[in-house]
Every structure is written in structure tokens, then in C-alpha cells.
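Enquirer: I would like the atomic coordinates for the input below:
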Amino acid sequence: MEPNNSAQVVTSKNDIYKFVHNADGENALPSDVLLSGNNGRSWQNVFPYKHYITSIHVDNSDKVYLGVSGATWKDGSFFQNNPDDAIIYYTKGR
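Expert: Take a look at the predicted model:
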């Protein structure tokens with residue numbers, strides 16, 4: 001699996017997943033991963049974990065993968081728990 005750098009993917013069920021980078025001035029904050037089941041008319045934040053998302057990928061079986069940096073947030077503070085990037089498997093049933 002080769003994740004792409006796209007900020008948005010569409011599943012075979014026409015669910016749209018995208019990630020949005022958040023910032024507070026110049027400081028990066030955890031990203032939101034949003035899901036829309038109605039062509040983008042409304043969005044639900046479906047990934048409550050505090051990570052900076054770097055990529056998103058959907059495979060042929062509609063499994064969604066998120067690329068995250070090693071940075072995480074805890075209690076409103078940024079810290080580095082691992083310098084390597086990781087891929088997190090994520091799927092949301094509806």
C-alpha cells in the first residue's frame with residue numbers, strides 16, 4: 001500500500017474522508033479526520049485521537065489508512081513520542 005498525499009479519498013460507497021490541518025497562529029495542532037456520506041454537504045469528525053495527519057489512503061476493500069507524524073498531543077501540549085512516521089488503519093461503519 002502506497003499512501004498518497006491527497007487530503008481526501010472516496011470509498012466505493014461514495015463516503016468521503018478528508019483530513020484538515022488545524023493551526024493556532026503559527027503552531028500546528030492535531031488534524032481533524034472528517035467523514036461525509038452526503039457528497040460533502042455535511043461532515044462528521046470521526047477520528048478523535050490527537051495526531052498530525054500527513055496522508056490518507058483507501059484500499060480496494062474500503063479500508064481507510066491514515067499516515068501520521070510521530071508527534072502527538074496530550075492535555076493540550078505537543079510532544080514527540082516517536083520520530084518515525086506511522087500508518088494507522090482506520091475504518092468507520094455506517
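
Enquirer: Mind pulling up the pLDDT for the residue lying farthest from the centre of the chain?
Expert: What lies farthest from the middle of the chain is Gly25; by CA atoms, centre = their mean that is 20.9 Å. At Gly25, the predicted lDDT confidence score is 82.

Enquirer: do the same with Tyr90
Expert: Value for Tyr90, per-residue pLDDT: 65.

Enquirer: Just give me the neighbour total for Lys63.
Expert: 13 (other CB atoms under 10 Å). The way it works is simple: take the backbone N, C-alpha and C, and place the C-beta from them, glycine included.

Enquirer: quick one: it from Asn45, how far?
Expert: According to CB to CB, to the nearest Å, Lys63 and Asn45 sit 19 Å apart.

Enquirer: Then Thr72?
Expert: Using CB to CB, Thr72 is found at 17 Å from Asn45.

Enquirer: Same check on Asn27?
Expert: Asn27 is 20 Å from Asn45, by CB to CB.
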